[in-house]
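Student: predicted model and sequence follow; I will ask about them next.
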Amino acid sequence: MKDHILHPAASSAAFAPRPDRAAKFAEALDYWPGKFSEHSFLAERILELGYKNVIDCGGTGSLKPFLPGVNLTLANPAINGIDGSELPFESDSFDTAISTHTLEHVVLERRGAFLDEMLRVSRNTVHLIFPFGEENSEIDDAKTEFVYNSHQHDKTPRVTPEWLFAALDGRNCKYLTKPLFNRTVHFLLALMLPINTDKKRRICRWINERWDVLNPLGDPYDIYVEIEKG
């Protein structure tokens, strides 16, 4: 694994064309194209690495359909009272620690502890997906105003490149980053229709089944970070 394999400002295809993969996962998660594509992307990486014992910090269990045969432990205060920044597990308890769309919800003062705890309880790697950069908060403002999709990270400082790379370099880890979801695509999908409507679910289902051939490019809304423990 190389440091800074892909700088977050670079443009890159998020996924290789794999319509067979899109069809495979379309049934599992059809309410939001970004969640579908990111869940399937992360799950394939976890399965590729052969991990069987995984902790999901901040997860709700939505990754379970994507990880057959994997023991998935959740750490989510709203579900089981377990705080990701104070995990009640021994060091090296899991093959890996993952977190999707949670780091941006953690208050700035606790993000370092959240990352440290994931590194502590994992034997091998840490995998994160989260919205990246302050400029993306404008998209969330628009979502809140137009489709009433308010979320806590609308009020929480975004994870910036400055914070992320300082945190990773300061922990002397090897890591790679990869942009996942284009800001423009995300914005257009968010404004398509109010969330939790049958019509929006049908549109998202259609997009999910074709996601891998859409080949989104440009500045990322979401970013993937894979960290290898030293």
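Tutor: Thanks, I have the structure now. This structure is a prediction, so every number in the text was calculated from the model and none was measured.
Student: distance between the ends of stretch 77-96?
Tutor: With C-alpha to C-alpha, to the nearest Å as the measure, the ends of stretch 77-96 fall 20 Å from one another.
Student: now swap in stretch 88-106 and tell me
Tutor: 18 Å.
Student: can I get the longest helix seen in the chain in CSV, CA atoms only?
Tutor: Longest helix in the chain, counting residues (DSSP state H): helix 33-49. Only the C-alpha atoms of helix 33-49 are listed here, as CSV (Å, rounded to 0.1, in the frame of the first residue of the first chain):
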residue,chain,number,x,y,z
PRO,A,33,-27.6,5.3,-5.3
GLY,A,34,-24.7,6.5,-3.3
LYS,A,35,-25.3,4.2,-0.4
PHE,A,36,-25.7,1.3,-2.7
SER,A,37,-22.5,1.9,-4.7
GLU,A,38,-20.5,2.6,-1.6
HIS,A,39,-21.8,-0.3,0.4
SER,A,40,-21.1,-2.7,-2.5
PHE,A,41,-17.6,-1.2,-3.1
LEU,A,42,-16.6,-1.5,0.6
ALA,A,43,-18.1,-5.0,0.9
GLU,A,44,-16.2,-6.3,-2.1
ARG,A,45,-13.0,-5.0,-0.6
ILE,A,46,-13.7,-6.6,2.8
LEU,A,47,-14.5,-10.0,1.1
GLU,A,48,-11.5,-9.7,-1.1
LEU,A,49,-9.2,-9.4,2.0
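Student: which parts of that helix are buried?
Tutor: For helix 33-49, the neighbour count (16 or more other C-beta atoms under 10 Å) marks 33-46 as buried. C-beta: built from backbone N, CA, C; applies to glycine.
Student: these two touch, right, Pro77 and Glu86?
Tutor: No. Using C-beta atoms under 8 Å, Pro77 is not in contact with Glu86, being 10.0 Å away.
Student: dump the buried residues of helix 33-49 to TSV, plus distance to Lys174.
Tutor: Below are the buried residues of helix 33-49 laid out as TSV (distance: C-beta to C-beta, whole Å):
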residue	distance to Lys174
Pro33	31
Gly34	27
Lys35	28
Phe36	29
Ser37	25
Glu38	22
His39	25
Ser40	25
Phe41	20
Leu42	19
Ala43	22
Glu44	21
Arg45	16
Ile46	18
